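Q: dropping the sequence and predicted coords here.
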Amino acid sequence: MVEHGMSVRRACRVARLPQRSWYRQPADALAGDAEVIAALQAIVARHGRWGFWKCFRRLRLDGHPWNHKRVWRVYCQLKLNLPRRTKKRLPRRERQTLEVPMQANALWSMDFMADTLYGGRRFRTLNVLDEGVREALAIEIDTSLRAERVVRVLEQLKDWRGLPRAIRCDNGPEYTAQPVVDWCRDHGIELRYIQPGKPNQNAYYRTLQQDLPHRGARRPSVRGSGSGSGDHRHLATTLQQRTPARVAREPAAEPLSPTMRAGNLSL
């Protein structure tokens with residue numbers, strides 16, 4: 001217009017545009033959806049792997065009245081419908097000491113082992129260890145062990161053994177999954193995650209892991225079995241030459257020093 005010396009009316013007529021479009025200020029397409037954007041970004045920041053419908057239901061539970069069509073439009077404008085490659089970052093874990101009282105159900109530890117059958121099929125074992133009395137409480141064997149199976153094993157142990165005050169484990173997806181976290185919270189059990197890359201913070205279980213293949217993967221007996229893991233004559237060095245069953249019946253002793261050897265374990 002300035003270059004050709006044309007008026008606004010003539011320029012709009014040549015361009016076949018309504019004259020009011022020249023005076024209308026360009027509006028930001030996302031300005032009216034600022035609240036929706038902020039709410040969606042807050043949810044995605046906390047739950048990076050959630051899809052649209054989980055985010056939408058979370059917005060409804062938080063009391064937002066927006067319908068799914070508006071939320072989906074903003075969701076696509078933010079390009080949240082595209083695959084998001086997010087690196088899973090573990091929270092900072094505190095260093096776990098190896099001090100544990102020689103008492104039953106003071107502290108348990110659990111972890112997985114894996115091996116291959118003769119035919120080439122792989123299987124896993126979930127092993128639960130009572131660190132206080134050095135007794136293997138459960139060995140669950142299957143080709144797939146998910147978080148729900150971990151909860152089921154803990155429920156079975158609760159029926160005949162009782163519950164511990166804390167459970168030591170690594171940062172595997174089965175232990176950080178919501179079913180295991182919720183179950184431990186509901187039963188007042190503290191989950192003590194070791195630091196990533198520090199397997200020596202779960203040294204008592206590592207001793208079981210080394211000892212188990214030599215003894216044979218036989219399932220520990222449950223309560224009432226006469227030939228159970230607590231009734232045989234195996235003597236653990238760090239239990240002062242006493243069987244795990246005898247230590248479990250006695251009052252709590254002094255905590256074991258972290259420098260003491262983990263000793264043999266009862267299977």
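A: Structure received.
Q: grab the nearest non-local neighbour of N200.
A: Excluding the flanking residues, the one nearest N200 by CB to CB, 6 or more residues apart in numbering is R206, at 7.3 Å. Every residue, glycine included, has its C-beta placed from N, CA and C.
Q: count the residues that sit near that neighbour.
A: Burial measure for R206: 15 neighbouring residues, criterion other CB atoms under 10 Å.
Q: ok, now Q103?
A: If we define neighbours as other CB under 10 Å, then Q103 has 19 of them.
Q: so it sits against R134, correct?
A: No. The pair Q103 and R134 does not pass the contact test of CB atoms under 8 Å, sitting 11.7 Å apart.
Q: quickly find the element holding the residue nearest to N200.
A: Using DSSP states H and E, R206 sits within helix 203-215.
Q: can you list the low-confidence ranges for the stretch 101-250 of the chain?
A: 211, 213-250 (pLDDT under 70).
Q: let's see it at 80
A: In the predicted model, the stretch 101-250 of the chain carries pLDDT under 80 at residues 101-102, 202-250.
Q: the strands in it, which residues?
A: 107-116, 122-130, 135-142, 166-169, 190-193 (DSSP state E, counting those that start in this stretch).
Q: packing partners for the helix or strand harbouring L40?
A: Remark: L40 resides in helix 34-46, with elements defined by DSSP H and E. Secondary-structure packing of helix 34-46 (3 or more CB pairs under 8 Å, 6 or more residues apart in numbering; DSSP states H and E): helix 52-61, helix 68-77.
Q: next one: it to chain centre, how far?
A: 24 Å (CA atoms, centre = their mean, to the nearest Å).
Q: show me what it is in contact with.
A: 30, 50, 55, 58-59, 62, 64, 66, 70-71, 74-75, 78, 80 (CB atoms under 8 Å, 6 or more residues apart in numbering).
Q: from those, pick the one nearest L157.
A: W50 (32.9 Å; CB to CB).
Q: export the helices and strands packed on helix 34-46 as CSV, with columns for distance to M113 and mean neighbour count.
A: Shown next, in CSV, are the helices and strands packed on helix 34-46 (distance: least, CB to CB, whole Å; neighbours: other CB atoms under 10 Å):
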stretch, distance to M113, mean neighbour count
helix 52-61, 34, 15
helix 68-77, 43, 15
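Q: can you lay out those helices as JSON lines showing distance to P196 and mean pLDDT?
A: Compiled in JSON lines, the helices and strands packed on helix 34-46 are given as follows (distance: least, CB to CB, whole Å; pLDDT from 0 to 100):
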{"stretch": "helix 52-61", "distance to P196": "27", "mean pLDDT": "94"}
{"stretch": "helix 68-77", "distance to P196": "33", "mean pLDDT": "93"}
